[in-house]
Structure formats: structure tokens, C-alpha cells
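**Student:** Predicted model follows, preceded by the sequence.
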Amino acid sequence: MKLDLRYPIGLLFSVFGSILTVYGIVSDKTIYQKSLGMDVNLWWGLVCLAFGLAMLSYAVRASERK
Amino acid sequence: MERIHLGAIDYTLLIIYFAFVLGIGWGLRRFVKSSEDFFLSGRSIPAWIAGLAFISANLGAQEVIGMGASGAKYGMMTSHFYWVGAIPAMVFVGVFMMPFYYGSRARSVPEYLKLRFDEKTRGFNAITFAIMTTFSSGISMYALAKLLELVLGWNFNTSVLLSGVIVLAYIFLGGLTSAIYNEVLQFFLIVMGFLPLVLLGLKDVGGWHGLTERLATVATNQGFAASAYSTSWRHLDSAAANPMGVEWFGMVMGLGFVLSFGYWCTDFLVVQRAMAADSMTAARRTPLLAAFPKMVFPLLVILPGMLAIAMHVTHGGFLPLEKDGTPNYNLAVPVMLGHYLPSGVLGLGLTALMASFMSGMGATSRHSIRCGRTTSTSPTSNPASRTRTTCAWARRRRWWASCSRCWRRTPRHASTTSWTCCSSCSRS
Amino acid sequence: MDMLQLVFAFVNAPLFATFLLGMFWKRTTGHGAFFGLLTGTAAAALHHGLTLPHGAVAGIKGGFLGTVVHTYPSEMAQNFWSAIFAWTACFVATIVISLATRRNKSDEELKGLVYSLTPRQKDGDMPWFKRPATLGVIVLALALVLNIIFW
């Protein structure tokens, strides 16, 4: 595996993002009372996932450029 | 105080993170032959990542929890730790000090003292430095254990043991590499873990305006002017006018000059990064680039504290109280996490907290490994014959020494207290 | 957080004065540095022992030298002033003692360790927007703006 730091960062957040998104979809909606009614897990999961994928694609492009 | 209940998903996220860090550290050891390999990755790592490594290396639990606590205790003035107490010093280091460190023969703070002055100066510094790092680590471990106990209900002694084991484990397994990776990962974790909290909190109080209104109550309750908790300079004309109790001279001279320059200019991390950079320009740019995220951090770590005290005073009973009736400021951040975040993102926030603790410990232990005596057999020519000794503290803990140039671990020499720098270091 | 800044005031503050003098003044001697550090640390201890933050009990938070000369509104204020005293004491003591003792290192030995004896950095051939100095100015300007916004 290339030493590029963007890979583990991207991977970790993609994994976290996916887990959170899935949990956000399947979880019992009453727990979101404390977060002002918003399904934070779903939304933030998507944000994390987007970030993780962005990092990974950045890393892949950098290694292709080399 | 409501105890935080962690769900299975929270533990899952935490375990995944640990597995990630340890696994990567393990896998990486084969690839890292020199610190340049890491920081520059064959010169394909952009300078912004080097800057992040720089800032993350000094980020620890003290910052995350401590700044939140200070935000609750002192309000917006806490931002001075960043905008007065860090940024000017970082700029100074980047523009003036880096060329100096890079060009000097010294490879560490104690070594500089020995070369520039004499052995007794170096010795004195080594002692005080060891005391400081012991305190620093002790405070970190205590804070973590206390947190785990109060917030999760775990036994205090077990928590201390647990935090120690975690740190030892990843340092032992992955060494410096794992520690450094952890630091940069942790930066992103903190951003992603705390941002939802800040956004939700602000939404709940009605934005910055709503926050200022509530903070006015906090301020007037204590006899200050209404904006004392939400402004940073306005009330610095006299020590009695603001919650931190300093007037502008004490702030600028004490924090802005002495404490912050003293930290950023003499801290070992700076010298390490200077050593690691291959080009002078990269070395100079690193603290400058690190200054950008550093400027934004107050919004992430101080705001939760300010939100907490605002809620505490206007809603009552938000923060648990100490024995003397004052709110327990150190719990500002954990209480906020538990209040706003449901299981899921809660696990993310908690993972960010744990990561910050671990990184703080990792950095400290790396310092102590290199804080001791340096003896040179042939001072100039052959790097392989330079020997380095480590301070007694690190030796007692039986941590591995690392050649400070290539980070490769070298085994202890049986008879003497010196480690030979590995002969594969080709860097002159 | 307060405790940490206290430790910094004891250790980093005097050390910074020593570094400043060591790096920018070649007349600084070994004795000057050592006794300067001692003086600085002692000054921090003295200051901490003679003052107390408001509402605190004498002990680890200060006031352990018997009398309390000054009460600070907060622990943080006490820390800042400890740092100031420590730095100033170390700075002055180092200068005085250095002037009173002989230099222990020659110019040749100090090359690379003192600013005036180290080759300067030349940024001349870089375009202006890539120079570290430019970046530094931008950073400072942004920090200034933030300070103004939250004035």
C-alpha cells in the first residue's frame, strides 16, 4: 500500500460515513429528539462519506499523476 | 448529571478506529525508512498535510477538553490562546526560526543547549523538561480517567490503567509512525466529531446572536459588563472587568509573548519537523500552513464550552457542580456531547476525544525518548558512528529507542546506555 | 488547563529567554545561561508562592511562602504574570552574568548556533507569492481580522 496519508484518512471516513448513514436510516427515530429532531446520523454520515471518498479520489489521482 | 449511555454502534466506531490505527501502524513499519518517506512520501505529499501533521502533533486532550473548559470559564477571551498566543509565534517560527534550526548543527533542544552553552545548562533543562512532561502526561491521564469515570461510569483505577495500556500498545506496536498517523487522523476526527455538536448547539441557542444574549446573563450574574463573555479585547482595559482577570499588558506580554513564543520556539516538535523537511522552503512553510487551521480551531473547541456555560446559566443544572458550588468546567465538552448527540455521531465524538488523548500521550512519550544526553564520537563525518543516549525515564519504561534520523528501532546495547544509530542512515 | 499553563510558566518561560539570548547575542556564556535559568525558575516559584488567585486556598495554587503579597482575579492571570516575571528575571540575570563571566565558546564554535554567525536565507529567486514571508503576512492579517470581528 502506498504510504500516502490520504488513503487511510479516506478509508476511515468512508467506513464511518457508511456505518453512520446506514444506522441513520435503520435506527429508531425517537433518539433524535436530543438533536433537535434532525436525523444527524443520516446527514452527518453522508457528509463523512463524501469527505472520505473525496480524500480517496484525491489520493488516487495523485498516485496516477506520479 | 445524566450519564452518557453508549450504544453498540458507538463502541463499534471506537473499536474500528483503534483497529485502524494499530493495523496501519503495523503495516507501515516496513515502508518507512526515513522520516522523509513519511512526510514527503517521495515528495508527493502536499505541504498542507505536512502543516496538519505539525499542528496535530501539538494537539492533545488538553486542548480539546481544556479549551472547552476555558471557554466555559472565561468566554470568548479564550480565543487569545490561539489568535494572540499561537499565530504570531507560529509565523515567527516559520519565517525566522526554521532557517535557523535547519542550518544549525543541533538536533534537539538539549543538544542545542549543550553545544551553545555547556553541559550543566543542558542538564538543568533536561530535568525541568522531564518534570514538565511528567506533569503533562499525568494531567492527560488523570483527565481521561476522570472523564471515563464521570461520563461513562467506569471505575477510576481501571480507567487509568486502560488509558495507559492503550497508549503503550500503539506506541509499542507502531512506534513513531503510528503516533504520527494517529495525530493527523485525529485532526480530521476532531473536526468531523465536533462540528455537528457546534452546529446543533448554535442552532439550539439561536445562532451567535442568541448565544451572546445568554452569555450576557452569565456575565452580569458575575458582575461584569454584558459583553464580557462574548468579546475578546473590549474588556481588557482592567483586570477587574473580565472573567479571566487580566489586563491587556498581562495578556499580550504574558501569553502573547512569553508563554506562546516560549512554547512554539523551544518545543521539540518544531525542531523535529525542521529536521524532517527536506527543503528549506518546505520547512518554513509548514508552521505557516498550520496556522490556517489553527485559526479556525477556536470555533470548534471553544464554542462548545461557551455554549455549555450559556445553557448552564440560562437553563440551570446543565453542568455538574463542584463541592464549592462552581460548575465543573472540565466536563463542559463531554456534557455537551451527551446532550446533543444521539448514539452514532456520539460515538464519533467520543472517538475524537479518545484520539486526542492518545495523541497527546504519544507526543509526550516521543519527547522523553529524545530528551536525554547526546554523545558524539565523531561529531562531523560519519552519522553511523554518532551515538545517542536516552534519558533514564524512557529507559526505565523500556521503550524502544529510535534512531532520530531514520526512526528505525535499534536494540539496547547490553553494557552501555547508548544506542548506536543504525548504519542504514545514509542521510548526512 | 490552568495547571498546564502554570507548568509552562515555570519551564518554558525562562527557557525562552535563554534561547533568545543564546540565539541572537553571541556574548551569552554558559554560566550566564545556567544561572539565568535558575533565576528564572526561582522567580516563577517566588511569584507563585507570594500570590494567590481569588478565592483559592494557599497550597498548590500559590501563597505557600507565608504571606500573600497580591491576589489575582483568576488562576490564569497568576500564571501569565508568573511567566512574565520568570522570563524577565532569566533575561536580566543571563545578561548580567554573561557580561561578568568569560565567553566559553569561540566564534568558530558558535557558527550555526547564533543568528549573526549563520548564513542567511535568500528568497530572492522565488516569485513573491511563494515566499514564506508573504504567507506569514497573510496569516497575520487574517488573525488580525478575526481579532477585530470578535473585539
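**Tutor:** Alright, I've got the coordinates. Bear in mind that the values here come from a model prediction, so they are computed numbers and not experimental data.

**Student:** Residue 60: neighbouring residues, count only.
**Tutor:** Picked chain A for this. Neighbours of A:Val60 under the rule other C-beta atoms under 10 Å in any protein chain shown: 15. Where you see a C-beta, it was placed from the backbone N, CA and C, and this is true even at glycine.

**Student:** The intended chain is chain C.
**Tutor:** C:Ile60, neighbours per other C-beta under 10 Å, totals 11.

**Student:** What's the per-residue pLDDT of it here?
**Tutor:** Looking at C:Ile60, its pLDDT stands at 70.

**Student:** Quick check: mean pLDDT of stretch B:283-292?
**Tutor:** Mean predicted lDDT for stretch B:283-292 stands at 80.

**Student:** and it, anywhere near chain A?
**Tutor:** No - Stretch B:283-292 lies out of reach of chain A by C-beta under 8 Å from any C-beta of the partner chain, never closer than 14.5 Å.

**Student:** Is any residue of that stretch near chain C?
**Tutor:** Yes - legend: contact between stretch B:283-292 and chain C by C-beta under 8 Å from any C-beta is shown at B:Arg284, B:Arg285, B:Leu288, B:Leu289, B:Ala291, B:Phe292.

**Student:** I'd say B:Leu52 and B:Phe292 touch.
**Tutor:** No - between B:Leu52 and B:Phe292 there is no contact under C-beta atoms under 8 Å: 9.8 Å.

**Student:** More neighbours: which of these two?
**Tutor:** Shown here are B:Leu52 and B:Phe292; by other C-beta under 10 Å, B:Leu52 has more neighbours (24 against 17).

**Student:** Which stretches in chain C count as helices?
**Tutor:** C:2-24, C:30-50, C:75-100, C:132-149 (DSSP state H).

**Student:** Please tabulate the ones you listed in CSV, including the columns mean pLDDT.
**Tutor:** As requested, the helices of chain C are arranged in CSV below (pLDDT from 0 to 100):
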stretch, mean pLDDT
helix C:2-24, 83
helix C:30-50, 88
helix C:75-100, 87
helix C:132-149, 82
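
**Student:** To B:Val345, which of the ones you listed lies closest?
**Tutor:** With C-beta to C-beta as the criterion, B:Val345 lies closest to helix C:132-149 of the helices of chain C, at 27.7 Å.

**Student:** can you pull the buried residues of the closest one?
**Tutor:** Under the neighbour-count criterion of 16 or more other C-beta atoms under 10 Å in any protein chain shown, helix C:132-149 has C:Pro132, C:Ala133, C:Thr134, C:Leu135, C:Gly136, C:Val139, C:Leu140, C:Leu142, C:Ala143, C:Leu146, C:Asn147 buried.

**Student:** and B:Ser227, what does it touch?
**Tutor:** Residues in contact with B:Ser227 (C-beta atoms under 8 Å, 6 or more residues apart in numbering or on different chains) are B:Thr212, B:Leu215, B:Ala216, B:Ala219, B:Arg234, B:His235.

**Student:** Now the last one: phi and psi?
**Tutor:** Backbone torsions for B:His235, taken as degrees, to the nearest 10, come to phi -110, psi 30.

**Student:** Test my guess that it contacts B:Phe224.
**Tutor:** Yes - using C-beta under 8 Å, B:His235 is in contact with B:Phe224, at 7.1 Å.

**Student:** Please identify which of the two sits among more neighbours.
**Tutor:** Neighbours per residue (other C-beta under 10 Å) separate B:His235 from B:Phe224, with B:His235 holding more: 24 against 18.

**Student:** what about residue 65, how many residues close to it?
**Tutor:** Defaulting to chain A. Counted with other C-beta under 10 Å, residues neighbouring A:Arg65 total 7.

**Student:** looking at chain C here, not the other one
**Tutor:** The number of residues packed near C:Leu65 is 15, by other C-beta under 10 Å.

**Student:** for C:Lys61, same thing?
**Tutor:** Look at C:Lys61: counted by other C-beta under 10 Å, it has 18 neighbours.

**Student:** intersection of neighbour lists for B:His235 and B:Phe224?
**Tutor:** Residues touching both B:His235 and B:Phe224 (C-beta under 8 Å, 6+ apart): B:Ala241, B:Asn242.

**Student:** For chain A, which segments are assigned as helices?
**Tutor:** Going by DSSP H, chain A shows helices at A:6-26, A:40-65.

**Student:** Indicate which one of these is closest to chain C.
**Tutor:** When the helices of chain A are compared by C-beta to the nearest C-beta, helix A:40-65 sits nearest chain C, at 20.3 Å.

**Student:** if I look at the closest residue to chain A within the stretch 51-200 of chain B, how far off is B:Tyr74?
**Tutor:** Closest contact between the stretch 51-200 of chain B and chain A, by C-beta to the nearest C-beta, is at B:Pro196 (5.1 Å). Distance, B:Pro196 to B:Tyr74, by C-beta to C-beta, to the nearest Å: 25 Å.

**Student:** same question, A:Leu46
**Tutor:** 36 Å.

**Student:** thinking again about what came up before, shouldn't the residue of the stretch 51-200 of chain B closest to chain A be in contact with B:Leu341?
**Tutor:** Yes - in this structure, B:Pro196 is within contact of B:Leu341 by C-beta under 8 Å, at 6.6 Å.

**Student:** SS state for the residue lying closest to B:Leu255 once chain neighbours are set aside?
**Tutor:** Distances taken as C-beta to C-beta, 6 or more residues apart in numbering or on different chains put B:Gly85 closest to B:Leu255, at 4.6 Å, once the chain neighbours are dropped. Here B:Gly85 is recorded as coil under DSSP: H, G, I helix; E, B strand; the rest coil.

**Student:** Now for B:Gly85, how many residues are close by?
**Tutor:** 23.

**Student:** what residues are up against it?
**Tutor:** Taking C-beta under 8 Å, 6+ apart, we find B:Gly85 in contact with B:Leu255, B:Gly256, B:Leu259, B:Ser260.

**Student:** Now, those that are in helices?
**Tutor:** Secondary structure from DSSP H places B:Ser260 of these in helices.

**Student:** Nearest to B:Val95 among the contacts of B:Gly85?
**Tutor:** Comparing the contacts of B:Gly85 against B:Val95 with C-beta to C-beta places B:Ser260 closest, at 15.5 Å.

**Student:** Not counting sequence-adjacent ones, nearest residue to the closest one?
**Tutor:** Distances taken as C-beta to C-beta, 6+ apart place B:Gly85 nearest to B:Ser260, at 4.0 Å, with adjacent residues excluded.

**Student:** again with C:Gly36
**Tutor:** Closest to C:Gly36 by C-beta to C-beta, 6+ apart is C:Thr94, at 3.0 Å.

**Student:** Please report how far the one you found lies from B:Phe117.
**Tutor:** Counting by C-beta to C-beta, the gap from C:Thr94 to B:Phe117 is 10 Å.

**Student:** what is in contact with the two at once?
**Tutor:** Common neighbours of C:Thr94 and B:Phe117 (C-beta under 8 Å, 6+ apart) are C:Thr28, C:Ala33.

**Student:** mind checking pLDDT for B:Met192?
**Tutor:** pLDDT recorded at B:Met192 is 90.

**Student:** residues near it, how many?
**Tutor:** The burial count assigned to B:Met192 is 23, neighbours taken as other C-beta under 10 Å.

**Student:** which SSE is it in?
**Tutor:** Here B:Met192, judged by DSSP states H and E, is contained in helix B:156-205.
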